[in-house]
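Participant: Give me coordinates for this.
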Amino acid sequence: MYIKQIYTDCISEAAYYIESKGEAIVIDPLRDIDEYIQLAKERNSIIKYIFETHFHADFVSGHLDLSNKTGAPIIFGPQTITNLPVHIATDGEIFIIGDISFKVIHTPGHTIESTCYLLRDENGKDNAIFTGDTLFVGDVGRPDLSSGDMTKEQLAGIMYDTIQQKILPLADDVLVYPAHGAGSSCGKNLGPESFSNIGEEKQNNYALQPQTKDAFIAALTEGLADAPRYFSVNAQINKEGYDSLEEIKNKGLTPLNVADFKNKLLEDVIAVDTRHAAIFTEGFIPGSIFIGLEGRFAEWAGSLLPFTKPLLLITETGQEEETIIRLARVGFSKFEGYLNGGFEAWKNAGEKVDLIINVEADELAMDIPFDENLQVVDVRKEIEFADGHVKAAINMPLADMTDVALIASFEENQNLYLHCGGGYRSVIACSLLKKQGLHNIRNIAGGWAKIKEEKTIKVEKDASVLN
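Facilitator: Here you go, the predicted model:
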């Protein structure tokens, strides 16, 4: 028996390849499927089944493309509703590969069709459970992402029953392989590890502690942040189908010279620059939006960019395909091509460029007492802001900065100093403000990490944190 977790950091997603005696299954594959096919080829195996734990909301699954390439059937759990060509398993159904087997365990709560797959080894012993978004390390799946008509409280109640009846009876030594790790928005507070076991979760996971159903529902639903706006788009794509990744890449990998790129900018398109933040601030095409590949790129793209408009890409040479794949993972499919030669080609052609002024935290400290129009804008999440921020700063979380009315609230005479935790999100925010016509902008290099080291800058915490 061979188990490999294939983890993708930028979206905190875990897919799985499991094999026995030349037969394999893949669980929750990403849209770019080459790694699974290559792995099977290297190990002289065939992919026999594709298991889906539920309709994912945070990424587009590769189930359709992988099935088309391999002929392997797609397996979903009970109560799945879709017109796609899938096998809807019954609760307790058994699938065999080589000398091992998988038992379907219907575990509704995160979504109504959520399903886990219990792996039994060559001796018939329960070895591992692949839990999707039902059970994470330190958490369980949030109950507010269902596309059905149930409330989050109703789904949380169903999750309680799932935990009591399906998860807690498992032996302590059964390994837990979830679909996500820390950083994912599919739970509230996922632990740092990407796998665990049932015993550890019984001891450390708040959702598995002895408690009443009402207490569980309250704990699970309290403090849920808004889901990223692309979640509903991705869930629908996974349920209804999509164009193949190859077709999308063929459209996106169209090189455009400077003149053609410039003409495209006159259309209703979005130009996305994926270079490193430190490079982008030194010069970029006016009106382009920065989302660098070095951060949680796909997640921020899905949260901030419209799915209805075509995308034009500005990347470092050689990163065009990676950019398209990572955008396709969260549902983008409308591409008009990329700037051949990148930003350097644009600059060398003598076209207009824009820039973002970076300032150090000590410069901010010097400017605050003397500039009555200075306004610090903190683009971190509300919970980060509450834990400590510059006195009199405005909290405008990056995820909210597609709201034109919100951006319009700034006064023309304000000098805006933007920061986040370390510098990545604030550069995205600066590019969004620039696109909306605001130019009295400074980006505070190093963000809050550097600001809090400056003893002359007054900082404060929210009263709720102090208590």
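
Participant: Show me the strands in the stretch 351-467 of the chain, by range?
Facilitator: Remark: strands assigned in the stretch 351-467 of the chain by DSSP state E, counting those that start in this stretch are 357-359, 374-378, 389-390, 394-395, 415-419, 441-444, 459-460.

Participant: my bad, the stretch 151-300 of the chain
Facilitator: Counting by DSSP E, counting those that start in this stretch, the strands of the stretch 151-300 of the chain are 175-178, 196-197, 255-256, 270-273, 289-290.

Participant: ok, the fourth one: who's next to it in the sheet?
Facilitator: Strand 270-273 has the following sheet partners, assigned by DSSP bridges: strand 289-290 (parallel), strand 311-314 (parallel).

Participant: What of the second one?
Facilitator: The partner list of strand 196-197 in its sheet, established with DSSP bridges, is strand 175-178 (antiparallel).

Participant: Select, out of the strands of the stretch 351-467 of the chain, the one closest to E336.
Facilitator: E336 lies closest to strand 441-444 among the strands of the stretch 351-467 of the chain, at 27.8 Å (C-beta to C-beta). (Glycine included, C-beta is placed from N, CA and C.)

Participant: What helices and strands are in contact with that closest one?
Facilitator: Judged by 3 or more C-beta pairs under 8 Å, 6 or more residues apart in numbering; DSSP states H and E, the packing partners of strand 441-444 are strand 357-359, helix 361-367, strand 415-419, helix 424-435.

Participant: What residues of the second one count as buried?
Facilitator: Applying a neighbour-count criterion of 16 or more other C-beta atoms under 10 Å, the buried positions in helix 361-367 are A361, L364.

Participant: for K347, what are its contacts?
Facilitator: For K347, the contact set (C-beta atoms under 8 Å, 6 or more residues apart in numbering) comprises G283, V353.

Participant: The host helix or strand of it: how far from the chain's middle?
Facilitator: In this assignment (DSSP states H and E), K347 forms part of helix 342-348. Distance, stretch centre to chain centre, for helix 342-348: 30 Å (C-alpha atoms, centre = their mean, to the nearest Å).

Participant: Show the average pLDDT along it.
Facilitator: The average of the pLDDT scores along helix 342-348 is 98.

Participant: Could you check that helix and say which residues are buried?
Facilitator: G342, F343, A345, W346, K347.

Participant: do stretch 314-321 as well
Facilitator: For stretch 314-321, by 16+ other C-beta under 10 Å, it's I314, T315, E316, Q319, E320.

Participant: Which of these fall in strands?
Facilitator: Judged by DSSP state E, the buried residues of stretch 314-321 include I314 as members of strands.

Participant: Closest one of the buried residues of stretch 314-321 to N373?
Facilitator: Nearest member of the buried residues of stretch 314-321 to N373, counting by C-beta to C-beta, is I314, at 32.3 Å.

Participant: Quick one, grab the pLDDT at G148.
Facilitator: 67.

Participant: same thing with D226?
Facilitator: The predicted local confidence for D226 is 84.

Participant: Who are the contact partners of it?
Facilitator: A399.

Participant: low-confidence ranges in the protein?
Facilitator: Within the chain, the segments meeting pLDDT under 70 span 147-148, 463-467.

Participant: Relative to its centre, which residue of it is most distant?
Facilitator: Most distant from the centre of the chain: F370, at 40.9 Å, with distances by C-alpha atoms, centre = their mean.

Participant: From L364, how far out is that one?
Facilitator: F370 is 11 Å from L364, where distance means C-beta to C-beta, to the nearest Å.

Participant: Tell me how many other residues crowd D133.
Facilitator: 28 (other C-beta atoms under 10 Å).

Participant: Please read the previous query as pertaining to Q436.
Facilitator: Q436 has 13 nearby residues by other C-beta under 10 Å.

Participant: re the thing from before, out of the helices and strands packed on strand 441-444, flag the one nearest T308.
Facilitator: Judged by C-beta to C-beta, the one of these that comes nearest to T308 is helix 424-435, at 16.8 Å.

Participant: The closest one packs against which elements?
Facilitator: helix 277-280, strand 289-290, helix 297-304, strand 415-419, strand 441-444.

Participant: what does it rub up against?
Facilitator: Contacts of helix 424-435 (C-beta under 8 Å, 6+ apart): 273, 277, 280-281, 284, 286-292, 294-295, 300, 304, 354, 356, 377, 379-380, 396, 398, 401-402, 407, 410, 416, 418-420, 441, 443-444, 447.

Participant: Would you mark the buried spots in it?
Facilitator: Residues of helix 424-435 classed as buried: Y424, R425, S426, V427, I428, A429, C430, S431, L432, L433, K434, K435 (neighbour count, 16+ other C-beta under 10 Å).

Participant: so which of those residues would you say is closest to K262?
Facilitator: K435 (16.7 Å).

Participant: Go through the buried residues of helix 424-435 and name the one nearest I217.
Facilitator: The closest of the buried residues of helix 424-435, once distances to I217 are taken by C-beta to C-beta, is R425, at 32.8 Å.

Participant: so I27 touches E19, yeah?
Facilitator: No. If you go by C-beta atoms under 8 Å, I27 and E19 don't touch, sitting 12.0 Å apart.
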